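Engineer: Here is a sequence together with a model predicted from it:
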Amino acid sequence: MNVAQYKEEIATYAWSNYAGPTYYEPTEVIEALIALITLDREDLNQATYDKVLFAIGNNHAGTYYPVIEKALTYIINVARHSASEVARNCSFAVLIDLYASFEPELGSYNKITADELENKVKKAIESMQDSLRAIRHSISESDRNKQLVSALLDLINEVE
């Protein structure tokens, strides 16, 4: 995972294309995703998790905004490829919430329906199953991440 390249992509992407929900702030997405891809300190794990979920949605309401279409790519890439155990841990926790208990909040955004967005999010996370299985059996992955990966796989398998 090339952190510098991801930072540049995130910083220059047109996040304002996803405007719609009242509380959506494109600059918060940039800050949150950069915080996630650079996360390497345990004491910042919870704050980064909250920052990501509030930037891409409303953590208290359990919703995600249309920006998840693009942001999810970075979250999944961190989960799969980050050299930082803490960043992977945070990403797995975010993915569990997105998959298990969050739903779309579109606001005035009309380029996709809520059902279409939810299906895209679920399919993107489900497409990680082979990677998740490999992570679960990896001798180099932390026990806490293996537990999160197992929980996510269990959620995916409940739906199928």
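Structural biologist: Received, thanks.

Engineer: Only C-alpha atoms from now on, for both contacts and neighbour counts.
Structural biologist: Fine.

Engineer: how much space is there between the residue most central in space within the chain and residue 1?
Structural biologist: For the chain, the residue lying nearest the average C-alpha position, counting by C-alpha atoms, centre = their mean, turns out to be residue 75 (3.8 Å). As defined by C-alpha to C-alpha, to the nearest Å, residue 75 lies at a distance of 12 Å from residue 1.

Engineer: And for residue 56?
Structural biologist: Residue 56 sits 22 Å away from residue 1, going by C-alpha to C-alpha.

Engineer: Residue 14 too?
Structural biologist: Taking C-alpha to C-alpha as the criterion, residue 14 is separated from residue 1 by 22 Å.

Engineer: Equivalent analysis for residue 115, please.
Structural biologist: Distance from residue 115 to residue 1, counting by C-alpha to C-alpha: 31 Å.

Engineer: for residue 139, same thing?
Structural biologist: 20 Å.

Engineer: Give me the secondary structure label for the closest residue to residue 107 other than its chain neighbours.
Structural biologist: Closest residue in space to residue 107, ignoring its immediate chain neighbours: residue 21 at 3.9 Å, by C-alpha to C-alpha, 6 or more residues apart in numbering. In the three-state summary, residue 21 is assigned as coil, counting by DSSP: H, G, I helix; E, B strand; the rest coil.

Engineer: Okay, now the unreliable bits of the chain?
Structural biologist: Scanning the chain for pLDDT under 70 picks out the ranges 159-160.

Engineer: And the strands in it, which stretches?
Structural biologist: Counting by DSSP state E, the chain forms strands over residues 57-58, 63-64, 103-104, given from the N-terminal end onward.

Engineer: Give me the residues contacting stretch 17-32.
Structural biologist: Taking C-alpha atoms under 8 Å, 6 or more residues apart in numbering as the criterion, the residues outside stretch 17-32 that touch it are 10-11, 15-16, 48, 51-52, 55-57, 65-67, 71, 105-109.

Engineer: hmm, try it at 10 Å
Structural biologist: Counting by C-alpha atoms under 10 Å, 6 or more residues apart in numbering, the neighbours of stretch 17-32 from elsewhere in the structure are 7, 9-16, 34-36, 38, 47-58, 64-71, 105-111.

Engineer: and if you look at stretch 100-109?
Structural biologist: Where contact means C-alpha under 10 Å, 6+ apart, the residues beyond stretch 100-109 that reach it are 17-24, 53, 57-68, 95-98, 112-119, 121-122, 152, 155-156, 159.
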